[in-house]
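Asks: build me a structure from this.
(chains A, B and C)
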Amino acid sequence: MISKPSVRGRLCTALIMVFLYAPIFVLIAFSFNASNSRAVWSGFSLRWYRELFGDRYILNSFYTTIAVSVTAAAAATAAGAASAIGLHYMRRSWRTSLLFINNIPLINADIVTGVAMCLLFVSLKAFIDFELGFGTLLIAHITFNIPYVILSVTPKLYGLDANMMDAARDLGCTFFGAIRRVMLPEIMPGIVNGAIIAFTMSIDDFVISYFTAGSRSETLSMTIYAMTRKRISPEINALSTLLFISVLALLVVINIRQKPAAEQ
Amino acid sequence: MSKELIRLRGCTMAFDGDVVLNNIDLNIRDKEFLTLLGPSGCGKTTTLRIIGGFTVPTSGDVFFDGVRINDLPPHKRNVNTVFQKYALFTHLDVFENIAFGLRQMRPKLTKDEISRRVFEMLEIVSLRGFENRDVSRLSGGQQQRVAIARALVPRPRVLLLDEPLGALDLRLRKDMQNELKRIQQAMDITFIYVTHDQEEALAMSDSVVVMDGGEILQIGRPEDIYNEPENAFVADFIGESNIVDGVMISDGTVEIFGRRFECLDRGFSPSEPVDVVIRPEDVDIVPLRDGMLTGTVTNIIFKGVHYDIIVDFKGFKWLIQTTDMSPVGGRIGIKIDPDGIHVMPKSRYSGMFGDYSSYSAEYDEISDVAAEAETGDAREE
Amino acid sequence: MSNNGGAAKRFFGPRAFAAPYVVWMAAFVVAPVVFVVIYAFTSGDGTFTAENFLEMGRFVSVFARSFWLALVSTVICLALGYPAAYILARESRRVRRAVIVLIMLPMWMNFLLRTFAWMSILERNGLLNRLLGAIGIPPLDIIYTPAAVILGMVYNFLPFMILPIYSVIVKIDRSLVEAAADLGATPRAVFTRVIAPLSLPGVLSGVTMVFVPAVSTFVISKLLGGGKEILLGDLIEMQFRGTAYNPRLGSAIALVMMVVVIVFMYFMNKFGEGEEGVSVL
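Replies: Purely as a prediction, here's the structure:
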């Protein structure tokens, strides 16, 4: 772009950052509060961290969240990458219509996706004996994750040199060998990116889980939602702080490791 | 030279009813340097892809060493390809790119064997010391060399090259032309080379195949293609040509602009209308009264070694290359020796080429390359 | 096009990789939509009816309020997000990278929790009012008002406005800007005639990504609006999980919403035509 932004411009951006981070600082600060007030500071304490590790209810919902996010992200990444490759080799007309269906969960409001799947599961119960729970939760998460993976992988496939696959076959690979030895490694950044997006979406989701998990499984979001009706335990603040700091640490490590390569 | 290695018989290729290759026959001899030459869309790349095994012809047969190989997949063919824009594997370094083909071999090669052959190849393409580089950090010319090394290391009997120099700048292209010729002779294998650059084709090839509209127009040694083009298209595409209408009077005599010229061509029927090719360098400028034809100079461009001058003969403009300066507006006479005149039968290309009325200083080939480079990037599927 | 091998290989070729996905999407994307349509158009005994749609007439005010609040939030997000994206795009590569990470990072903190934190800030005795009190300004009554709901929406969805606009602006070829300036355009004209039109696809996807979740939220209105004035999301939720259990009415409302979103997307895509790929998200 043309010139460097002005000081005033940068100040505005900084203010937006403050706006984005204000509640997060509040959350983190009050995870160290001695009392359970969420507005009055009564001194530093690690009490909520200690109690967190004894709270089976919160920990269980945390485990559920991690289990469903990891499984759904892994399944969606495999399925999404495979289908992106499949779509890549389809006729344009087919691809366009399938991508339209692929986009439905992306463009629809979460609540519409949620109630639609809820209706499906409830209606199926008339024919098949099952209960809403971890299984349906997982199906819902995989379903809304796949489109993100496909969207992340497809541009990488487009970006591949049209002759790359031919080159691999020319040098002795079978068609599927070429996919494994050349196409997959070449599009790997897109696959990893898709996996991260899928995992993030799963971790952050509340609405779709709320309509598809039934009463047996509860994700962290659902636990928090249930608590907002009464009061939220600062243990949740403590757990979120831990999560936030782990992600932050991870990002810092990734950035430090990438830097030497990027600046070579 | 040597025996036949590849034969295409009646090969036709159509994509969704669009015929891109129309019933071509082509024999390629072992260890020759053969160039498929033509404008974009002429079917040259399709021909190459049929030989490489990436496309199966809609009809017709492909023979390799006498064996029909229509359905043999690329990985089972003793043929390797240097692709347009190289198609290097960006997730692998230079060493691994070159070793790729060796690692696919069964029975497996030993580590030492792979390493030995890769380094031997690095030596041939002068890339020693680059083995651990990331391919995306190489210059165009270096990437080019990696692509050649990668295709040569499995020791194919035929190397296919699809416009390999198209992305390089002019200077580098000249160097690489010599380099490729050297490599071909050193490896002692067949090269099949695709290009739209006639100079490149003439400079490197043992045989040139001129193609247009999915058909082969002429096959021959570079000298034959240049000196004895079979129709107006070939005459115009290879080098510069003045192409004028003429009438064959008898063997050895052709009439142009109402004047009779002596020529070496024979075998036409009496009074047959023909196309006559006169190369710009075969025209001698002589004093007016000695001229077989007289015309007016309308344009002159200094080209270093010679002048390009445009001369108007009765409304038809000729390009003449001469070392003598003639001022614009001056009248000159010209003389053409019998061996400077080439007579061709009329074809569907008659009347389309060879008039320099809209001549401009830029050679089309240069603008052609630029256009090609741009459309190449935008290409999809 | 690679078409080596026999007919069998052509049939089972690489396209088959998409087969499980096609089956999955038919079962869990298309089928649920079909169920929504069936529920929306039937009565309890399974006969066809338009009654569910007629019943929505009672909730005109909810529709109006939801669309209004979503519209206001979208406009505010655009007003904040566009300049931010524009400024960010002009920063050096390192700063850009860092800021993008900073914008994405809050998404890793549960959004319910972040919204809940705003309650602590905005409450009558919350942090904001304590801060104001300390410098002698009378307390503000923000919590449980439409303003608080809008703030919650802007807070949650602002990144979805900044990121798509940013990613479009950052790709604008520098030489286009220089060419415009070279042809005599003032900086202002460079912006209005070159940058703004080129960034339109980003704006369109940003607007979509903010408006759709804003019009359908049911958590933000509950927490920050106090549940006094319900929104469309709350209305749908009540029909499925809440007190007013009536999935047929809920499906009808969801269907209307889906149609509105698809029509909206359709026009957005028409608008930004020629920019394939960006328009999707």
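Asks: enumerate the residues of the stretch 51-200 of chain A near chain B.
Replies: Taking Cβ under 8 Å from any Cβ of the partner chain, the part of the stretch 51-200 of chain A that reaches chain B is made up of A:158, A:161-164, A:166-175, A:177, A:181-182, A:185-186, A:188. Any C-beta I mention is one placed from the backbone N, CA and C, and that applies to glycine too.
Asks: what's the PyMOL line that selects buried ones from those residues?
Replies: Filtering those down to the buried ones (16 or more other Cβ atoms under 10 Å in any protein chain shown) takes a single PyMOL command:
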select buried, chain A and resi 161+163+164+166+167+168+169+170+171+172+173+174+175+181+182+186
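Asks: show only the entries of the residues of the stretch 51-200 of chain A next to chain B found in helices.
Replies: For those, membership in helices holds for A:Tyr158, A:Met164, A:Asp166, A:Ala167, A:Ala168, A:Arg169, A:Asp170, A:Phe175, A:Gly177, A:Pro185, A:Glu186, A:Met188, with DSSP state H as the criterion.
Asks: can you narrow those to ones near chain C?
Replies: Contacts with chain C within these, counted by Cβ under 8 Å from any Cβ: A:Asp166, A:Phe175.
Asks: so which bits of the longest helix seen in chain B are buried?
Replies: Ordering each helix of chain B by length in residues (DSSP H) puts helix B:170-187 first. Burial within helix B:170-187, assessed by neighbour count using 16+ other Cβ under 10 Å, is assigned to B:Leu172, B:Arg173, B:Met176, B:Gln177, B:Glu179, B:Leu180, B:Ile183, B:Gln184, B:Met187.
Asks: tell me the one among those residues nearest to A:Ser202.
Replies: Sorting these by distance to A:Ser202 puts B:Leu172 at the head of the list, at 51.1 Å, by Cβ to Cβ.
Asks: separation between that closest one and B:Pro164?
Replies: B:Leu172 sits 11 Å away from B:Pro164, going by Cβ to Cβ, to the nearest Å.
Asks: equivalent analysis for B:Gly354, please.
Replies: Distance of B:Gly354 to B:Pro164, given as Cβ to Cβ: 31 Å.
Asks: quick one: the helices in the stretch 151-281 of chain C?
Replies: Listed in chain order, the helices of the stretch 151-281 of chain C (DSSP state H, counting those that start in this stretch) span C:174-182, C:187-189, C:196-216, C:219-224, C:232-240, C:247-271.
Asks: try the stretch 151-264 of chain A
Replies: Defined through DSSP H, counting those that start in this stretch, the helices belonging to the stretch 151-264 of chain A, from first to last, are A:164-170, A:175-178, A:184-204, A:207-212, A:220-228, A:234-262.
Asks: tabulate those (TSV), appending mean pLDDT.
Replies: Conversion of those to TSV gives the following (pLDDT from 0 to 100):
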stretch	mean pLDDT
helix A:164-170	93
helix A:175-178	91
helix A:184-204	92
helix A:207-212	94
helix A:220-228	89
helix A:234-262	80
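Asks: between those, which one is closest to B:Tyr86.
Replies: B:Tyr86 lies closest, by Cβ to Cβ, to one member of these: helix A:164-170, at 8.4 Å.
Asks: over to the one residue in the stretch 51-200 of chain A that gets nearest to chain B: give its phi and psi.
Replies: The nearest approach of the stretch 51-200 of chain A to chain B comes at A:Gly172, 3.1 Å away (Cβ to the nearest Cβ). Reported as degrees, to the nearest 10, the phi and psi values for A:Gly172 are phi 110, psi 0.
Asks: list the contacts for it?
Replies: Residues touching A:Gly172, when contacts are defined by Cβ atoms under 8 Å, 6 or more residues apart in numbering or on different chains, comprise B:His75, B:Gly101, B:Gln104, B:Met105, B:Pro154.
Asks: tell me the residues of the stretch 51-200 of chain C that contact chain B?
Replies: Along the stretch 51-200 of chain C, not a single residue is adjacent to chain B under the rule Cβ under 8 Å from any Cβ.
Asks: now the stretch 51-200 of chain C against chain B: closest residue?
Replies: C:Asp173 (14.0 Å).
Asks: quick one: pLDDT of the residue of chain B found nearest chain C?
Replies: Nearest to chain C in chain B, going by Cβ to the nearest Cβ, is B:Pro73, at a distance of 5.1 Å. Reading off the per-residue confidence, B:Pro73 sits at a pLDDT of 91.
Asks: what's the spacing between it and A:Gly177?
Replies: Counting by Cβ to Cβ - B:Pro73 and A:Gly177 are separated by 11 Å.
Asks: returning to what we had before: out of the helices of the stretch 151-281 of chain C, which is closest to chain A?
Replies: Chain A lies closest, by Cβ to the nearest Cβ, to one member of those: helix C:196-216, at 3.4 Å.
Asks: and that closest one, how far out from the chain's middle?
Replies: The gap between the average C-alpha position of helix C:196-216 and the chain average comes to 8 Å, counting by Cα atoms, centre = their mean, to the nearest Å.
Asks: can you name every helix or strand that it contacts?
Replies: In this structure, helix C:196-216 makes packing contacts with helix A:110-124, helix C:60-89, helix C:146-169, helix C:232-240, helix C:247-271, judged by 3 or more Cβ pairs under 8 Å, 6 or more residues apart in numbering or on different chains; DSSP states H and E.
Asks: weakest of those helices by average pLDDT?
Replies: Ranked on mean pLDDT, the bottom entry among the helices and strands packed on helix C:196-216 is helix C:247-271, at a mean of 85.
Asks: just checking, what packs against that helix?
Replies: When contacts are defined as 3+ Cβ pairs under 8 Å, 6+ apart, helix C:247-271 sits against helix A:92-107, helix A:110-124, helix C:31-40, helix C:51-55, helix C:196-216, helix C:232-240.
Asks: buried set for that helix?
Replies: Using 16+ other Cβ under 10 Å as the test for burial, helix C:247-271 gives C:247-258, C:261, C:264-265, C:268-269.
Asks: the longest helix in chain A is where?
Replies: The single longest helix within chain A, with elements called by DSSP H, is helix A:56-88.
Asks: could I get the buried residue list for that one?
Replies: A:58, A:61-62, A:64-65, A:68-69, A:71-73, A:75-88.
Asks: among these, which ones lie close to chain C?
Replies: When those are checked against chain C using Cβ under 8 Å from any Cβ, the ones in range are A:Ala79, A:Gly80, A:Ala82, A:Ser83, A:Ile85, A:Gly86, A:Leu87, A:His88.
Asks: out of the residues you listed, which one sits closest to C:Pro213?
Replies: For C:Pro213, the nearest member of these is A:Gly80. The distance, counting by Cβ to Cβ, is 22.1 Å.
Asks: now the closest one, nearest residue through space, not along the chain?
Replies: With Cβ to Cβ, 6 or more residues apart in numbering or on different chains as the measure, A:Val149 is the residue that lies nearest to A:Gly80, at 2.7 Å, once sequence neighbours are left out.
Asks: do the same with C:Ser221
Replies: With Cβ to Cβ, 6+ apart as the criterion, C:Ser221 has its nearest non-adjacent residue at 4.5 Å, and that residue is C:Leu231.
Asks: show me what contacts the closest residue to chain C within chain A?
Replies: As assessed by Cβ to the nearest Cβ, chain C sits closest to A:Gly86 within chain A, at 2.7 Å. With contacts defined as Cβ under 8 Å, 6+ apart, A:Gly86 is in contact with C:Pro14, C:Arg15, C:Ala16, C:Phe17, C:Ala18, C:Ala19, C:Tyr21.
Asks: how about the fifth one, what does it touch?
Replies: What that stands for is C:Ala18. Contacts of C:Ala18 by Cβ under 8 Å, 6+ apart are A:Ala82, A:Ser83, A:Ile85, A:Gly86, A:Leu87, A:Met90, A:Leu98.
Asks: fine by me, we can end here.
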